[in-house]
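Enquirer: Predicted model and sequence below, questions to follow.
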Amino acid sequence: MPVCHNEATVNRNPAGGMTRVCFAITALWALAGCGGGSRSALVPPGLEPFVPGDAIALAVADLAALRETAVWRRYAHGANLPGLDRMVASAGIDPRTGLDRLLVASDGKNLLTAAEGKFESEKVRAAMTKTGAAAETYSGAEVWKVDGRSIAILGGRAVAGDTAAVRAALDRAKAHARLPASIAAMTRAIPAGKPIWGAAAAGFRFSFPDRSNWRNLNRILGGLQSARAWADAGDGIGLEATGECETEDAAGKLSRQLMGLIGMGRLSVAADQKDLLQAFDAIAVTKSGASVQVRVDLSAPVLEAVAAAARQGAKP
C-alpha cells in the first residue's frame, strides 16, 4: 500500500527503519471510515490491536510466505542492500530473516509500523544503545526513543513510529483492542491468501522527494474515493489495484492519465535497455463505470530484465 511519512524525520533515526522496510516492500494505493470493534481475517491477529482507530490506510505483507517464493529466493534472499544493511546495524532487526508479518497504518500524516517475528532483545538493545536512543519501559514493552520517534519490542511483536502513536498502540495492545469496524471494512473486497495487500481512503497521499517526477502521482490520484491493491508472488509477480472515483467522467480522466504515465515510462527507457519495455507492456489499465483497474503481470523473464537494468544502473 502506498505509504506516507515525514521524510525528514524517518530518514534520520533508527526508529524509522521499520517504516523504510515497508516502503521498500511495497507502495500500495487508497479507502476509509469510523466505527466500533470488528475483525478481519486478513489482518494478523497479533498486530490487530496496534491499528489506530483513525487510520485511513492499511497495508500488510506476509514475509514468511514471501520467503517461500522463487522471486524472494532469487532477488531478496542474501541481497546486497546497503540501506537495509544500515537499518540492521542501527536497529538490530533484519526484515529478510527476522520478520514474519509486517503491518503499516497511516492517518494520512504519520505512519505506524508493526511487525511479528523473531526479535533478539539483546541485539536490538545493543544496536539502539549505540545510536544514543533513550530506553524506557512502557505498558510492559521495552521502548527506545530518539528524535521524537520510538521503537518498542513486546515479546514477538514490535511497533515503530511517532512516540505518542507508539504509546497509544501499546495501550491498545494491553487492552486487547479490536480492529475498528471502518478499518475492517477496508479489507472486505481483498481476496484471501494474498501475501501483500493494501487499502486506503480518499485524502491519502504518497510521500515522494520534492524533485521526484512521481510527485505527479498524488495529483493524478487525488480524485479517488477509495482504493485497494494486492500482489501475488511465485516465479513472477502479479499486481492488481482498483480505484473508485466519484463519477464515471473522473474515472475516464484517471485511466487516461495512468496510460499517459505508462507511455512516458516507455519513452524514458534507454536505448541499451529495451528489454525494460516488456515491463510496461505487462501493465493493463481498464475502466468500468466509476472504477479504474490496473493489472500488472511481471513474468520471470520480465522480472529478470528489470533486475538486470537495476544492477546496471547501480554500477558507478
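Expert: Cool, got the structure.

Enquirer: Quick check, pLDDT for the residue of the chain positioned farthest from its centre.
Expert: Most distant residue from the mean C-alpha position of the chain: Ala271, 32.1 Å away (Cα atoms, centre = their mean). Listed pLDDT for Ala271 reads 79.

Enquirer: Kindly report the same for Ser207.
Expert: Each residue has a pLDDT score; the one for Ser207 is 65.

Enquirer: With Ala41 instead?
Expert: Listed pLDDT for Ala41 reads 61.

Enquirer: pLDDT below threshold where in the protein?
Expert: The chain contains residues with pLDDT under 70 at 1-41, 77-92, 205-216, 313-316.

Enquirer: which residue ranges form the helices in it?
Expert: Counting by DSSP state H, the chain has helices at residues 7-10, 17-25, 63-66, 70-75, 82-91, 121-131, 163-174, 181-186, 216-221, 248-267, 277-281, 300-314.

Enquirer: Nearest approach to Asp107 belongs to which of these?
Expert: helix 163-174 (8.5 Å; Cβ to Cβ). C-beta coordinates here come from the backbone N, C-alpha and C atoms, glycine included.

Enquirer: That closest one packs against which elements?
Expert: When contacts are defined as 3 or more Cβ pairs under 8 Å, 6 or more residues apart in numbering; DSSP states H and E, helix 163-174 sits against strand 111-117, strand 141-146, strand 149-154, strand 157-162.

Enquirer: 6 Å instead?
Expert: strand 149-154 (3 or more Cβ pairs under 6 Å, 6 or more residues apart in numbering; DSSP states H and E).

Enquirer: Quick one: distance of the strand it packs on to the chain centre.
Expert: Here strand 149-154 is found 18 Å from its chain centre; the criterion is Cα atoms, centre = their mean, to the nearest Å.

Enquirer: Now do it against helix 121-131, angle only.
Expert: With axes from the mean of the first three to the mean of the last three Cα atoms, to 10 degrees defining the directions, strand 149-154 sits at 160 degrees from helix 121-131.

Enquirer: helices and strands around strand 149-154, which ones?
Expert: Secondary-structure packing of strand 149-154 (3+ Cβ pairs under 6 Å, 6+ apart): strand 141-146, strand 157-162, helix 163-174.

Enquirer: deepest of those, which one?
Expert: strand 157-162 (a mean of 26; mean count of other Cβ atoms under 10 Å).

Enquirer: follow-up on the earlier one: could you dump the helices and strands packed on strand 149-154 to JSON lines with distance to Ser121?
Expert: JSON lines is the format used below for those (distance: least, Cβ to Cβ, whole Å):
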{"stretch": "strand 141-146", "distance to Ser121": "7"}
{"stretch": "strand 157-162", "distance to Ser121": "10"}
{"stretch": "helix 163-174", "distance to Ser121": "16"}
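
Enquirer: right, so of the ones you listed, which gets closest to Leu258?
Expert: strand 157-162 (30.8 Å).

Enquirer: Could you name the helices and strands sitting against that closest one?
Expert: strand 111-117, strand 149-154.

Enquirer: what's in contact with the first one?
Expert: Yep, that's strand 111-117 we're talking about. Strand 111-117 has contacts (Cβ atoms under 6 Å, 6 or more residues apart in numbering) with 5, 18-19, 22, 46-47, 50, 98-105, 156-161, 165.
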